[in-house]
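Okay, predicted coordinates and the sequence, questions at the end:
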Amino acid sequence: MNQDAFDTSRVDQQQTDLQSMQWRERYGLNGDPFAEAPGFFFSGGQRQHHLDTLTHLVAFGEMVLLVTGEEGAGKSRMLAELARNAAHRLSVQRLRADTIADVSGIPGMLARLSGQALLGMEPEQAAREFFAWTVTQAQTDRRWVLLIDDADALSDESLEVLVKGFQSAEPGHAAILVLAGSAALASRRVCQDPARSQGIHKVALAPLDIEDVQDFIHASFDQVDGDAGEWLTDSNLQSIHDRSEGNIQAIRRIAPPVLLGVARPSAGSGASQAAKALGQRWSGFRGGAGVRLWGGLALGALGVSLLTVAFQFDSGPRADSDVVMPLDEQVERDFDEVERAREVVVVADESQGELVIDETEAPEPQGIIQRTPESEAAPEGDGFTPEDPQQFRDLAWYQEQPDTHFTIQLLGSFNESTAIEFIEDYDVDGALYTRTRHQGEPWFIVLYGEYEGLGAAREAISGLPQRVRALGPWPRSFSDI
């Protein structure tokens, strides 16, 4: 790194530190509400619903999972939260996309990951052998999950080898593939192949609408014991939404100057011309000795730092430049083949919010919140006959229950057999399943109990067996089914 780049990076860090100090000392908050805090997961904008679906499908599903969205939409943060939810019972592994971008790198990576003799094989054969091996792991110990962030970096050949390798094994037990990337990933050759695409479940993270942006800002202030109501006027909210286009990372950049009142006024005003002039001076000031001088001046003048934040943020959303919370690259390390054959669990480190390998138990999930229902009405008269009539209740039965009463959702799956096996394996006396639709396909959900209110349902969750609670059951009103 050259000196100018180093100095610029140092100044950027100083600006970040100053902004955090302003929120603390000038505005009485416990920190910067828009800093990427470890453990903070925004559940709005359908994020919690998508996370619930992914959590169930990595444990019981039979499909490749594809998470798409623009840069800054929260894909990496969702993978980290997914790992946290799944680590108690699954072996979660992260593969760096750049190490297997070329298909020739797949045999070596899978060999190091599993300890199997895959080196020297053709990629297709190595993938088949690896996924067949993971089936035995699931049957004797625990199921594996392979997380691949930035999967756009994979060549078409690499993507096809991995997907075909998974689908050639027993999909209900083989290591589940979870791929995250841009919307273009869903248009890749293997994802469009009719023979393969039916075995791919797609989750698209959409931009936040204006109500979601409002909820995100309130949640951001809540984590630093602040009240966004003091700052968030209707005009500020509209401005943040319009400039960020609902991108979470862009909101983090754009919201501070708007809320602090230092964002550039509308074009044509005298203030705008002054801001433009100061912006030109700032642009020239960033290079060379000016940068080094700024390091000292910034520490002494909070007012000046506010202006620099304004110019830094006011260039409009740059959603293509950042990833919300990249997973820890140190997870991808040189594997000793014997050592990697040992059982490992990947957990989300509370202090960093990133994935690290640990051989201890993962923390119990914290808190249960009401989440957006995922189901649509199941079609009537389509000839469906339940495999287990004693455990099945149709939607009409649930619709006859009081609308104000609640039940507890334990599981959602595209496969009826998965719902039945869950009821049998987890031995939750009184659990039932019903059939709805999700994303145009039959969707089976396992429900438990009837409660007069949300509080009673939440209390009942605390009394469920630990391994059931670890799956993240959630209260759901009968009116939502």
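Ah, there it is. Residues are numbered from 1 along each chain as shown.

Below-threshold pLDDT in this structure: ranges please.
1-26, 262-382, 438-439, 470 (pLDDT under 70).

Could you pull out the helices in the stretch 351-481 of the chain for me?
Ranges of helices in the stretch 351-481 of the chain, per DSSP state H, counting those that start in this stretch, are 395-399, 416-426, 454-462, 466-469.

Quick check: which of those helices is buried the most?
Stretch with highest mean neighbour count among these: helix 416-426 (a mean of 18; mean count of other Cβ atoms under 10 Å). In short, each C-beta sits where N, CA and C put it, glycine included.

So which residues make contact with it?
Residues from elsewhere that reach helix 416-426 (Cβ atoms under 8 Å, 6 or more residues apart in numbering): 60-62, 172, 386-388, 391, 410-411, 413, 431-433, 435, 442, 444-446, 465, 467-468.

How about stretch 164-180, which residues are buried there?
Of the residues in stretch 164-180, 164-167, 169, 171-180 count as buried by neighbour count, 16 or more other Cβ atoms under 10 Å.

of the contacts of helix 416-426, buried ones?
60-62, 172, 386, 391, 410-411, 413, 431-433, 435, 442, 444-446, 468.

And for residue 190, nearest residue in space, chain neighbours not counted?
Residue nearest to residue 190 in three dimensions, not counting chain neighbours: residue 160, with 4.5 Å by Cβ to Cβ, 6 or more residues apart in numbering.

what packs against the helix or strand harbouring that neighbour?
According to DSSP states H and E, residue 160 maps onto helix 156-168. Using 3 or more Cβ pairs under 8 Å, 6 or more residues apart in numbering; DSSP states H and E, the elements in contact with helix 156-168 are strand 64-68, helix 106-114, helix 123-140, strand 176-181, helix 189-192, helix 194-197.

can you give me the strands in the chain?
64-68, 91-94, 144-148, 176-181, 200-204, 345-349, 354-358, 406-413, 432-438, 441-451, 474-477 (DSSP state E).

okay if I get those as JSON lines plus distance to residue 250?
What follows is these, written out as JSON lines (distance: least, Cβ to Cβ, whole Å):
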{"stretch": "strand 64-68", "distance to residue 250": "18"}
{"stretch": "strand 91-94", "distance to residue 250": "26"}
{"stretch": "strand 144-148", "distance to residue 250": "25"}
{"stretch": "strand 176-181", "distance to residue 250": "19"}
{"stretch": "strand 200-204", "distance to residue 250": "18"}
{"stretch": "strand 345-349", "distance to residue 250": "24"}
{"stretch": "strand 354-358", "distance to residue 250": "22"}
{"stretch": "strand 406-413", "distance to residue 250": "31"}
{"stretch": "strand 432-438", "distance to residue 250": "30"}
{"stretch": "strand 441-451", "distance to residue 250": "33"}
{"stretch": "strand 474-477", "distance to residue 250": "30"}
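
Go through these and name the closest to residue 128.
strand 176-181 (13.8 Å; Cβ to Cβ).

List the strands paired with that closest one, with their directions.
strand 64-68 (parallel), strand 144-148 (parallel) (DSSP bridges).

Would you enumerate the residues in contact with the closest residue to residue 169 other than its chain neighbours?
Using Cβ to Cβ, 6+ apart and skipping residues adjacent in sequence, the residue nearest residue 169 is residue 131, 3.9 Å away. By Cβ under 8 Å, 6+ apart, residue 131 lies in contact with 165, 166, 168, 169, 174, 175.

And for residue 462?
Taking Cβ under 8 Å, 6+ apart as the test, what residue 462 contacts is residue 469.

Let me know which of the helices and strands packed on helix 156-168 is tucked in deepest.
Most buried among those, counting by mean count of other Cβ under 10 Å: strand 176-181, with a mean of 26.

So what touches it?
54, 57-58, 61, 64-68, 75-76, 78-79, 82, 143-152, 154, 159, 162-163, 166, 185.

Using PyMOL, define a selection of the buried residues within these.
Listed next is the PyMOL selection for buried residues among the contacts of strand 176-181, using 16+ other Cβ under 10 Å:
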select buried, resi 54+57+58+61+64+65+66+67+68+75+76+78+79+82+143+144+145+146+147+148+149+150+151+152+154+159+162+163+166+185
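
Quick check: residue 425 vs residue 52, distance?
19 Å (Cβ to Cβ, to the nearest Å).

One more: residue 102?
Residue 102 is 35 Å from residue 52, by Cβ to Cβ.

now residue 224
27 Å.

between those two, who's got more neighbours?
Neighbour totals were compared for residue 224 and residue 52, and residue 52 leads with 22 against 19 (other Cβ atoms under 10 Å).

give me the number of residues near residue 429?
Neighbours of residue 429 (other Cβ under 10 Å): 6.

Ramachandran coordinates for the closest residue to residue 172 other than its chain neighbours?
Excluding its sequence neighbours, the residue lying closest to residue 172 (Cβ to Cβ, 6+ apart) is residue 62, at 4.8 Å. The phi/psi pair for residue 62 (degrees, to the nearest 10) reads phi -130, psi 30.

my guess is residue 62 meets residue 415, correct?
Yes. Between residue 62 and residue 415 there is a contact at 6.4 Å, judged by Cβ atoms under 8 Å.

if I look at these two, which residues touch both of them?
residue 172.

Apart from its chain neighbours, what residue comes closest to residue 174?
Per Cβ to Cβ, 6+ apart, closest to residue 174 is residue 131, 4.5 Å.

what about the one you found, distance to residue 436?
Going from residue 131 to residue 436 by Cβ to Cβ gives 31 Å.

Which parts of the protein belong to which domain?
Split into domains by automatic domain parsing, the chain comes to 3-32+213-313, 47-207+325-358, 395-480.

Residue 153: how many residues sit nearby?
With other Cβ under 10 Å as criterion, residue 153 counts 15.

so it sits right up against residue 98, yeah?
Yes. Applying Cβ under 8 Å as the test, residue 153 and residue 98 come out as touching, 5.5 Å apart.

need the contact list for residue 122.
residue 107 are the contacts of residue 122 under Cβ under 8 Å, 6+ apart.

next one: phi and psi at it?
Backbone dihedrals for residue 122, given as degrees, to the nearest 10, come out at phi -70, psi 150.

Would you quantify the distance from it to residue 253?
According to Cβ to Cβ, residue 122 stands 46 Å off from residue 253.

Residue 108: what's its closest spatial neighbour, skipping adjacent residues?
Residue 108 sits nearest to residue 119 (Cβ to Cβ, 6+ apart), 6.1 Å away.

roughly how far apart are the one you found and residue 68?
33 Å.

Residue 254 too?
23 Å.

What of residue 455?
In terms of Cβ to Cβ, residue 455 sits 37 Å off from residue 68.

Thank you kindly, that will do.
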